[in-house]
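Visitor: 3D model of this:
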Amino acid sequence: MAPRGENNIVVVPNMKLEKVFCMKGGNGEGSYANNSQAQARHARSMLHLLRETLDGVQLTSPEVPFTVVDLGCSSGSNTIFTIETIIKHMSKRYEEAGFKPPEFSAFFSDLPSNDFNTLFQLLPPIADPGVSMEEYLAAKGHRSYFAAAVPGSFYKRLFPCRSINLFHSAFSLHWLSQVPDCVVDKQSTAYNEGRVFIHGANEGTASAYKKQFQSDLSGFLRSRAQEMMSGGSMFLVCLGRTSVDPTDQGGAGLLFGTHFQDAWNDLVLEGLITSEKRDNFNIPVYAPSIQDFREVVEANGSFTINKLEVFKGGSPLVVNQPDDEAEVGRALANSCRSVAGVLVDAHIGEELSKELFLRVEHKGTSHAKEVLEQIQFFHIVASLSFA
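Guide: Below you'll find the model as predicted:
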């Protein structure tokens, strides 16, 4: 059993992070499913880059199933849209080459705590058995692929050797496997005192986060290099930054390093939590630069970089009426809650978590205009091929 801290709240050590971390499940107001429309917009704006990657995937025998994986699939409909886009494009490529499309398998993979139930309830039914793949693909309201869930960390092995044609991962690789231990160690120069994120932190903290990111990405690439078939490809998207300074985390820094940070400080000032309790919480996110990413890929040596660029995604907030300050405040709180709420709940409990995000909402409402203007995400987009 995990140790218990103040107020009988379960303390989640780093080694357990992959067992508890996930996007907010279900279909509630603060769920990822209802707060990932911005990610959907950003993904659609990059479809031309995805299709370029798909055009480079080597066609295998149509007698053998073509296998696609979405790593970090989460629990909303975005992953389903992506998988269907990939399969339709690859089917067209087979047809244009004069082949019948193969059968398709799609693996949806995320950490074990992911809400796979909500995800699979969104899946359309598969077409009736016994029909041809052409009929599968033409069936409206039905899916043209076999689907399965694969729980586990994508920083480790997940699939048999040489079994996957295409890996896709969007908006996930910036999540670290753990907060570096030294960041919460009072005796370390990397101790992130007074902060809950790397944004604006000291050089030691930034160095620790960067080292953790590059170690994680290295593990990710080593695993995929064993699992991917020859001629396969990967299309990867994660939060990125344009600054060379890792303590300037761009949009992610403004999301977690301003009003979210201030809300934690309010809980300390009001005596609801101790400063130590705040300092022991850190968001395990690192938005890399192009160079941070390139260094790891080149050091791994298994993949050819076909494309590696920074892409402007826009705001992460879901707002229908930008002039409605209250809606902007709710959107800010829901955006933070949908991706970090599970970790906050585990650290300070659900009641204090509600208090925290209520304060985030109030601060977002009071600064609505600057929130909309300043919180803009950039993404690292990588297209990699495996020889």
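
Visitor: what about R241, neighbour count?
Guide: Other residues lying near R241 total 25 when counted by other C-beta atoms under 10 Å. For glycine as for every other residue, the C-beta is placed from the backbone atoms N, C-alpha and C.

Visitor: so N114 sits right up against S153, yeah?
Guide: No: with contact defined as C-beta atoms under 8 Å, N114 does not reach S153; the gap is 11.2 Å.

Visitor: quick one: low-confidence parts of this structure?
Guide: For the chain, residues meeting the criterion pLDDT under 70 lie at 1-38, 127-141.

Visitor: so where do the strands sit in it?
Guide: Here the chain has its strands, by DSSP state E, at 66-71, 104-110, 146-151, 164-170, 228-240, 303-314, 377-386.

Visitor: got those as JSON lines, with distance to V296 columns?
Guide: Below are the strands of the chain laid out as JSON lines (distance: least, C-beta to C-beta, whole Å):
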{"stretch": "strand 66-71", "distance to V296": "16"}
{"stretch": "strand 104-110", "distance to V296": "21"}
{"stretch": "strand 146-151", "distance to V296": "23"}
{"stretch": "strand 164-170", "distance to V296": "14"}
{"stretch": "strand 228-240", "distance to V296": "11"}
{"stretch": "strand 303-314", "distance to V296": "10"}
{"stretch": "strand 377-386", "distance to V296": "10"}
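
Visitor: in a markdown table: those, plus distance to G253 and mean neighbour count.
Guide: Below are the strands of the chain laid out as a markdown table (distance: least, C-beta to C-beta, whole Å; neighbours: other C-beta atoms under 10 Å):
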| stretch | distance to G253 | mean neighbour count |
| --- | --- | --- |
| strand 66-71 | 25 | 25 |
| strand 104-110 | 25 | 23 |
| strand 146-151 | 30 | 14 |
| strand 164-170 | 20 | 24 |
| strand 228-240 | 10 | 23 |
| strand 303-314 | 15 | 15 |
| strand 377-386 | 11 | 22 |
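
Visitor: once you drop chain neighbours, what's closest to the spatially most central residue of the chain?
Guide: Of all residues in the chain, the one closest to the mean position by C-alpha atoms, centre = their mean is S172, 2.2 Å from it. Once flanking residues are discounted, S172 sits nearest to G72: 2.7 Å by C-beta to C-beta, 6 or more residues apart in numbering.

Visitor: next, the contact list for the one you found, please.
Guide: Applying C-beta atoms under 8 Å, 6 or more residues apart in numbering, we find G72 in contact with 109-110, 154, 169-173, 175.

Visitor: can you check D245 too?
Guide: By C-beta under 8 Å, 6+ apart, the contact list for D245 reads A206.

Visitor: and it, how far from V183?
Guide: 18 Å (C-beta to C-beta, to the nearest Å).

Visitor: got it, and S302?
Guide: Distance from S302 to V183, by C-beta to C-beta: 30 Å.

Visitor: neighbour count: the two, which is higher?
Guide: Shown here are S302 and V183; by other C-beta under 10 Å, V183 has more neighbours (25 against 14).

Visitor: give the burial count for the nearest residue to that one once chain neighbours are set aside, as a bare number.
Guide: Leaving aside its sequence neighbours, V183 sits nearest to N192 (C-beta to C-beta, 6+ apart; 4.8 Å). Counted by other C-beta under 10 Å, the residues lying close to N192 total 27.

Visitor: tell me which residues in stretch 336-355 are buried?
Guide: For stretch 336-355, a neighbour-count test (16 or more other C-beta atoms under 10 Å) marks 336-349, 352-353, 355 as buried.

Visitor: do the same with stretch 288-305
Guide: Applying 16+ other C-beta under 10 Å to stretch 288-305 flags 288-290, 292-293, 295-297, 300, 303 as buried.
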